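**Student:** Sequence first, predicted model second:
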Amino acid sequence: RPVYHCPLDGAGLTLRWTDENCYWSGSYAEAREKFVALGNRVREQVLLAQKKKNSGEGEVALDVVDVRSLSYDVSRENYSDYLRSMKGNDLSSPQTVLPETDTIDALLLTLRIPGGDGEVAGGVGERERVFVIHSSGTHGIEGYVGSAVQVHFLHELYLRNEERFAKGLDAGGAIPLSGESVRKVLLIHAVNPYGMRHHRRTNENNVDLNRNVLSEDMWRDVRSRDPNFVGYVDMDSVLNPFAPVNSDGELFSWEDAARRGGFEGDVTRLRRQDQKVETAARRSDEPRRPQQPMSYSLGEPTGAISSWLEEQAAALGVFLRAVSAAAIMGYTSAKRTMVTSQYHKPSGIFYGGGAHNDNTWENSIFAVRHAIQEFGGFDFASPSMSSRALFIDVHTGLGKWGEYSILLKDPGSRMSASSPNNAIGDHRRGKLGNATSTYASAASCAQDLTVQLFEDSPMLTFTPDKQACKTGKAFVGVSNGDGSKWRINLVPGRGGRGTFTASVNDDLTGDIYSISPDADGVMTTVKRNQRDFEPEEPPPVNNAWIGKLISLLEEGGMGYGKSGDAGVSAGYDQSVGFLNDGVLCPPPNCFPLTQEFGTRPGIAVAVALILENRGHHLRERRYGHLTSWAFNPQRLSWRRKALRGGANLLRAMLDF
């Protein structure tokens with residue numbers, strides 16, 4: 001049993017957790033043991049309060065009235081059978097920690113909600129009754145800050161309960177319980193336990209779990225689209241500077257991967273990239289190693305001078321190539337190429353999955369869905385007010401040192417009680433149109449682009465930004481009918497020489513429609529890339545609570561709306577599959593918040609990702625420390641700011 005610097009027994013939690021470093025962990029095993037131990041301690045307090053009440057000693061008004069827990073071993077095979085077997089589990093019994101297991105731990109707390117002037121919340125209507133889901137470790141190594149926030153929250157709850165026991169509050173000081181006076185809080189710890197244990201962003205299959213949560217239609221779309229959708233194949237040698245091979249010793253082929261995914265378009269660019277890799281591999285003396293999981297641990301740079309020089313040379317080379325790509329494409333475009341993710345190359349960075357397991361979620365995603373729907377009992381399909389929830393997912397890596405940004409997916413579509421229809425609003429459920437764009441090439445930047453998204457919808461006209469168009473960068477034009485609701489993003493050169501690949505963003509719903517050129521360069525094919533609507537109309541809902549939430553975030557110093565937010569969120573307009581997006585957190589009864597803590601400069605973070613991924617697949621352990629440096633800084637100044645920011649946001653959402 002490992003011994004950590006902060007004791008986990010009752011006396012130690014009360015007397016010796018005086019240093020905020022107690023909330024932080026140096027390993028996945030330590031983080032998990034702290035989370036589980038504190039959950040068990042709070043459960044013991046609840047049981048003691050119930051015992052006092054039943055024995056006639058009086059009622060202690062604890063903040064928490066029920067604690068349930070469940071652990072998911074994500075390394076299990078036949079995972080659907082494993083989840084079904086959990087129905088008989090005793091959720092009220094203490095959790096145990098088994099060493100060397102990779103588990104996601106879920107803790108469901110039922111908390112009292114104090115109302116204004118002693119009234120029960122919900123009876124007066126002063127405070128919205130909104131449940132909270134808080135997840136950590138979706139990106140493995142990034143999970144240490146989210147874990148610290150969760151451990152801090154549980155420790156504060158434990159201390160408040162101990163204070164109530166010390167004061168001996170009786171039933172007169174308790175808040176009456178009713179269906180409207182309690183709030184569920186679901187803490188999901190270490191969504192990616194493998195990545196957290198081995199200091200990687202991805203799981204054991206190299207999958208980015210924050211791009212893996214796709215519906216069946218979305219899987220079909222991302223797997224069948226051009227792998228070079230946002231230029232990933234063009235940047236492949238920069239993003240993945242090694243030649244991966246399969247178990248048969250054959251090099252990875254973009255052309256073959258695209259065809260297996262269902263892509264039916266032109267593969268000339270893919271074939272050209274495959275030829276470049278083959279040529280480079282023949283010239284290189286780098287050994288061809290099959291892609292396979294390695295026995296991986298957090299590596300440190302070796303002390304040998306030759307190895308140190310080799311490491312620095314590799315880092316410098318990757319850095320220069322990354323800077324060059326950002327200069328040519330523009331920083332936001334290069335960032336978009338990385339973060340949009342690809343679904344064809346299992347060894348590549350930002351791999352969203354699907355190619356290695358026939359378009360199926362990773363075990364962690366099935367576990368999170370079970371935790372939300374089965375264990376937590378959150379029914380987002382119900383129009384009832386009791387099913388509302390905020391879903392906070394914690395990440396690191398983007399933004400200023402120690403500061404956080406709140407990233408909202410399409411807040412405009414969720415703020416009002418009834419969103420007004422714009423020029424195309426009545427047609428959003430119609431059949432997709434065959435497109436009617438007359439914008440043929442980049443030769444005339446002054447030419448407007450006209451698009452008909454649906455067969456029975458009016459035309460949308462977009463006027464390009466002439467200066468941006470001339471410089472060859474992606475540019476945005478706005479509809480002359482309703483510029484506040486529709487945006488268009490055109491990326492030159494993706495559909496052949498002198499043509500564009502375009503996407504129309506619906507700011508009201510978050511849907512994205514791609515427009516592809518035909519053989520003559522005329523952009524004619526419209527395809528929905530993101531969420532699809534059900535054919536029936538949804539029941540009317542009151543979304544006023546979202547408006548209140550947005551106001552709180554904007555006006556309450558909660559980090560939303562800062563000038564830096566736009567830079568942090570830039571480039572994510574084509575990204576799908578987020579953990580807390582519409583599949584597991586469907587609107588309007590679930591609202592996602594992504595809390596992103598800044599660490600290192602963006603280029604430095606990208607270089608660390610590239611080198612670590614290369615070292616992992618070539619089984620070179622010396623780069624393992626880079627992801628920790630990039631996503632989990634050890635400096636006390638960063639930890640203090642991050643813990644304070646995470647705790648403040650969670651507290652504010654619980655007080656909402």
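**Tutor:** Arrived safely, thanks for sending. Since the structure is predicted, the reported quantities are computational estimates derived from the model, not experimental observations.

**Student:** Okay, now the unreliable bits of the stretch 451-600 of the chain?
**Tutor:** 451-544, 555-567 (pLDDT under 70).

**Student:** meant to ask about the stretch 1-150 of the chain, not that
**Tutor:** When residues are selected by pLDDT under 70, those of the stretch 1-150 of the chain lie in 1-4, 87-100, 114-129.

**Student:** All the helices of it, residue numbers only.
**Tutor:** 10-15, 28-54, 79-84, 143-167 (DSSP state H, counting those that start in this stretch).

**Student:** And the ones you listed: which comes nearest Ile365?
**Tutor:** helix 79-84 (10.1 Å; CB to CB). Where C-beta positions appear, they are placed from N, C-alpha and C, glycine not excepted.

**Student:** all strands of the stretch 101-250 of the chain, in order?
**Tutor:** Remark: strands assigned in the stretch 101-250 of the chain by DSSP state E, counting those that start in this stretch are 103-112, 131-135, 182-189.

**Student:** List just the one of these that sits closest to Leu407.
**Tutor:** Smallest distance to Leu407 across those (CB to CB): 14.3 Å, for strand 131-135.

**Student:** and for the closest one, what are the contacting residues?
**Tutor:** Defining contact as CB atoms under 8 Å, 6 or more residues apart in numbering, one finds that strand 131-135 is touched by 146, 149-150, 153, 183-188, 191, 368, 372, 376, 378, 387-394, 579-580, 585, 650, 653-654.

**Student:** for the host helix or strand of Ala314, packing partners?
**Tutor:** Secondary structure assignment for Ala314, by DSSP states H and E: helix 305-329. Where contact means 3 or more CB pairs under 8 Å, 6 or more residues apart in numbering; DSSP states H and E, helix 305-329 is packed against helix 236-239, helix 331-339, helix 602-617.

**Student:** Put together a markdown table for these, with distance to Val245 and mean pLDDT on each row.
**Tutor:** Output for those, formatted as a markdown table (distance: least, CB to CB, whole Å; pLDDT from 0 to 100):
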| stretch | distance to Val245 | mean pLDDT |
| --- | --- | --- |
| helix 236-239 | 15 | 92 |
| helix 331-339 | 23 | 88 |
| helix 602-617 | 10 | 91 |
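
**Student:** could you dump these to a markdown table with mean neighbour count and distance to Thr268?
**Tutor:** Below are these laid out as a markdown table (neighbours: other CB atoms under 10 Å; distance: least, CB to CB, whole Å):
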| stretch | mean neighbour count | distance to Thr268 |
| --- | --- | --- |
| helix 236-239 | 21 | 15 |
| helix 331-339 | 22 | 19 |
| helix 602-617 | 22 | 26 |
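
**Student:** Of these, give the one that comes closest to Leu552.
**Tutor:** For Leu552, the closest of the helices and strands packed on helix 305-329 is helix 331-339, at 27.7 Å, according to CB to CB.

**Student:** The nearest residue to Ser382 once chain neighbours are set aside: neighbour count?
**Tutor:** Spatial nearest neighbour of Ser382, chain neighbours left out: Asn589 (7.2 Å); criterion: CB to CB, 6 or more residues apart in numbering. By the criterion of other CB atoms under 10 Å, Asn589 has 23 neighbours.

**Student:** Pipe the strands of the stretch 101-250 of the chain into a markdown table and attach distance to Gly646 and mean neighbour count per row.
**Tutor:** Formatted as a markdown table, the strands of the stretch 101-250 of the chain follow (distance: least, CB to CB, whole Å; neighbours: other CB atoms under 10 Å):
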| stretch | distance to Gly646 | mean neighbour count |
| --- | --- | --- |
| strand 103-112 | 16 | 22 |
| strand 131-135 | 9 | 24 |
| strand 182-189 | 12 | 23 |
